[in-house]
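S.K.: Here is my input, please return the structure:
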Amino acid sequence: MSAIDFVSSGIKGLDDILQGLRKGDNVVWQVDNIDDYLHFVEPFCRRAKAESKKLIYIRFAEHRPIIEPADNVKQYRLDANSGFESFSKQIHDIITREGEGAFYVFDCLSDLLSAWATDLMIGNFFMVTCPYLFKLKTVAYFAILRNNHSYKTIARIRETTQLLIDVYDFEGNFYLHPLKVWNRYSPTMYLPHQQKEDKFIPITNSVDAVRLFSYISDRGVERTERNLDYWDRLFLKAEELARENRSQSEKTKMEEQLNRIMIGREARMLSLVEHNLVLEDLLAIKSRMIGTGFIGGKALGMLLARKILLKDKKIDWQKYLEPHDSFFIGSDVFYTYIVQNGWWDLWSEQKTEEGFFEKASDLKDKLLHGTFPEEVKEQFNEMLEYFGQSPIIVRSSSLLEDGFGNAFAGKYESIFCVNQGSPEERYANFERTVRQVFASTMNEDALTYR
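M.R.: Predicted structure coming up:
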């Protein structure tokens, strides 16, 4: 390895284990708390300062700052509550602006759960950000809290990053266990190591190894819980609240949280929701959701209108209204469809002033021919099994539709599905229809209206 490729972590023993950091490395530290992350961030930053490297701090979490203000540190303060798309685009723009060779320290990614409420989108964020950092030959530090994320999310991060390292603070000593070190190997690299001053000593004694792994095992959570996305765990708590005789303040707090992650951010619409929908209504919406995220303006408008009428006791609206029988594809399904088919760069280019119309045609064509994740396909199938061979309509319900002041009426497609034929034929037709509705976001009429 040439000297130009080598980047120091600021800890000699760590450099020895990893055979040095390389330009392009994304380093993910799996820790129990922020202090454990700081233990490795601080020497990295000191070394960057000593070598006059460009150091960028991406601040978005509620935890205490990872890096204090300094002359050699450029801090960007971002709001994760702006949503996955906006947040990811801001990060992409920062990386573009700062150029090649910068050093990055990110706040703990687990804090994004409070804004997005789903492991899925944290995995998506990492999948679109990590390769771009690699492309620009940066070195970036991230942290995730151990046992806070589903196995699937950790697997996606492991697949995408160059280094994944477990950190433990056990009996007053720091232990480090590399889980992935891309493109490097040594006979002891993947053993746990104990830190002794500036050195890391591999644990080869079986007794010491068993003591450490027993400690690790005791700190774990139920495996069944780790198989669930944070979104699912949150709604299990909400269902428990609804079943039990809990205080109204607890229910109200949960309603506010669910509104933020499932209904939207528009203040006037949220005000209507708070006055008309209760926890049981939100759980009923969740029971009809495919994927995670927002249900969109059109779906929300229909649900609100129905609930407002049913609350009017002057007329027996229940007698006149058909039973509600819709399903909702969450907004995260759309973003995941783009990310997992590898179109995020094109999506970002289309969002620029120059590419707004120019890139739309290419993106529309791709949206018509992508594949969905297996878990989404299974939910599509379950929905079709529910309806049997009854006709259905697939309608758009974007985050922009039916808001205050912007109706988007008729700008996106609604498509009638005859829903006839074998289960395989009905599924293929339905999936094709969903792709057509997604692609209609790139219609020239809709783009002009936007």
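S.K.: make it CA atoms for all contacts and neighbour counts henceforth
M.R.: Noted.
S.K.: Could you tell me whether Asp325 really is in a strand?
M.R.: No: Asp325: not assigned to a strand; according to DSSP: H, G, I helix; E, B strand; the rest coil it is coil.
S.K.: how far is stretch 81-94 from where the chain is centred?
M.R.: Chain-centre distance of stretch 81-94: 11 Å, with Cα atoms, centre = their mean, to the nearest Å.
S.K.: Run a quick neighbour tally on the closest residue to Glu100 other than its chain neighbours.
M.R.: Leaving out its chain neighbours, the residue that sits closest to Glu100 by Cα to Cα, 6 or more residues apart in numbering is Leu136, at 4.6 Å. As a burial measure, Leu136 scores 17 neighbours (other Cα atoms under 10 Å).
S.K.: Sketch out the low-pLDDT regions of the stretch 1-150 of the chain for me.
M.R.: Judged by pLDDT under 70, the stretch 1-150 of the chain has its weakly predicted residues at 1-4.
S.K.: Okay, strands next: where are they in it?
M.R.: Here the stretch 1-150 of the chain has its strands, by DSSP state E, counting those that start in this stretch, at 6-7, 21-22, 26-31, 55-59, 73-77, 103-108, 139-145.
S.K.: Dump these to a markdown table, plus mean neighbour count.
M.R.: Shown next, in a markdown table, are the strands of the stretch 1-150 of the chain (neighbours: other Cα atoms under 10 Å):
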| stretch | mean neighbour count |
| --- | --- |
| strand 6-7 | 16 |
| strand 21-22 | 22 |
| strand 26-31 | 24 |
| strand 55-59 | 22 |
| strand 73-77 | 15 |
| strand 103-108 | 23 |
| strand 139-145 | 22 |
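S.K.: Would you map the strands across the stretch 151-300 of the chain?
M.R.: Along the stretch 151-300 of the chain, counting by DSSP E, counting those that start in this stretch, strands occupy 163-170, 173-181, 193-196, 199-202, 289-290.
S.K.: Of those strands, which is nearest Asn81?
M.R.: Relative to Asn81, the nearest member of the strands of the stretch 151-300 of the chain by Cα to Cα is strand 289-290, separated by 21.3 Å.
S.K.: now what about stretch 238-257, what contacts it?
M.R.: Contact with stretch 238-257 is made by Glu274, Val278, Leu279, Glu280, Leu282, Leu283, as judged by Cα atoms under 8 Å, 6 or more residues apart in numbering.
S.K.: send the alpha carbons of that stretch over as PDB?
M.R.: Output of stretch 238-257 as PDB, limited to C-alpha atoms (Å, rounded to 0.1, in the frame of the first residue of the first chain):
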ATOM      1  CA  ALA A 238     -49.500   1.700  20.300                       C
ATOM      2  CA  GLU A 239     -51.800  -1.400  20.200                       C
ATOM      3  CA  GLU A 240     -50.900  -2.200  23.800                       C
ATOM      4  CA  LEU A 241     -51.900   1.300  24.800                       C
ATOM      5  CA  ALA A 242     -55.200   1.100  23.000                       C
ATOM      6  CA  ARG A 243     -56.100  -2.300  24.600                       C
ATOM      7  CA  GLU A 244     -55.200  -1.300  28.200                       C
ATOM      8  CA  ASN A 245     -56.800   1.200  30.400                       C
ATOM      9  CA  ARG A 246     -53.900   3.700  30.200                       C
ATOM     10  CA  SER A 247     -54.000   7.500  30.800                       C
ATOM     11  CA  GLN A 248     -55.300   9.800  28.000                       C
ATOM     12  CA  SER A 249     -52.000  11.700  28.200                       C
ATOM     13  CA  GLU A 250     -50.100   8.500  27.200                       C
ATOM     14  CA  LYS A 251     -52.400   7.900  24.300                       C
ATOM     15  CA  THR A 252     -52.200  11.500  23.200                       C
ATOM     16  CA  LYS A 253     -48.400  11.400  23.200                       C
ATOM     17  CA  MET A 254     -48.500   8.200  21.100                       C
ATOM     18  CA  GLU A 255     -51.100   9.800  18.700                       C
ATOM     19  CA  GLU A 256     -48.800  12.800  18.100                       C
ATOM     20  CA  GLN A 257     -45.900  10.500  17.400                       C
END
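S.K.: Flag every buried residue along it.
M.R.: Within stretch 238-257, the residues that count as buried by 16 or more other Cα atoms under 10 Å are Ala238, Leu241, Ala242, Lys251, Met254, Glu255, Glu256, Gln257.
S.K.: How about the nearest residue to Leu14 once chain neighbours are set aside: which residues does it bridge to?
M.R.: Counting by Cα to Cα, 6+ apart, Phe200 is the residue found nearest to Leu14 once chain neighbours are left out, at 6.6 Å. Judged by DSSP bridges, the bridge partners of Phe200 are Gln195.
S.K.: how many other residues sit next to Phe200?
M.R.: If you count neighbours by other Cα under 10 Å, Phe200 ends up with 21.
S.K.: Could you pull up the residues touching it?
M.R.: If a contact means Cα under 8 Å, 6+ apart, then Phe200 has Gly13, Leu14, Ile17, His193, Gln194 as its contacts.
S.K.: which residues touch the second one?
M.R.: Spelled out, it's Leu14. Gly20, Lys199, Phe200.
S.K.: The first one touches Ile11, doesn't it?
M.R.: No: using Cα atoms under 8 Å, Gly20 and Ile11 do not qualify as a contacting pair, with a distance of 9.9 Å.
S.K.: list the contacts for the residue nearest the centre of the chain?
M.R.: Nearest to the geometric centre of the chain sits Met121, at 1.5 Å (Cα atoms, centre = their mean). When contacts are counted by Cα under 8 Å, 6+ apart, Met121 touches Phe84, Asp332, Thr336.
S.K.: Could I get the contacts of Phe200 in TSV, plus columns for distance to Cys108?
M.R.: Formatted as TSV, the contacts of Phe200 follow (distance: Cα to Cα, whole Å):
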residue	distance to Cys108
Gly13	24
Leu14	21
Ile17	24
His193	23
Gln194	23
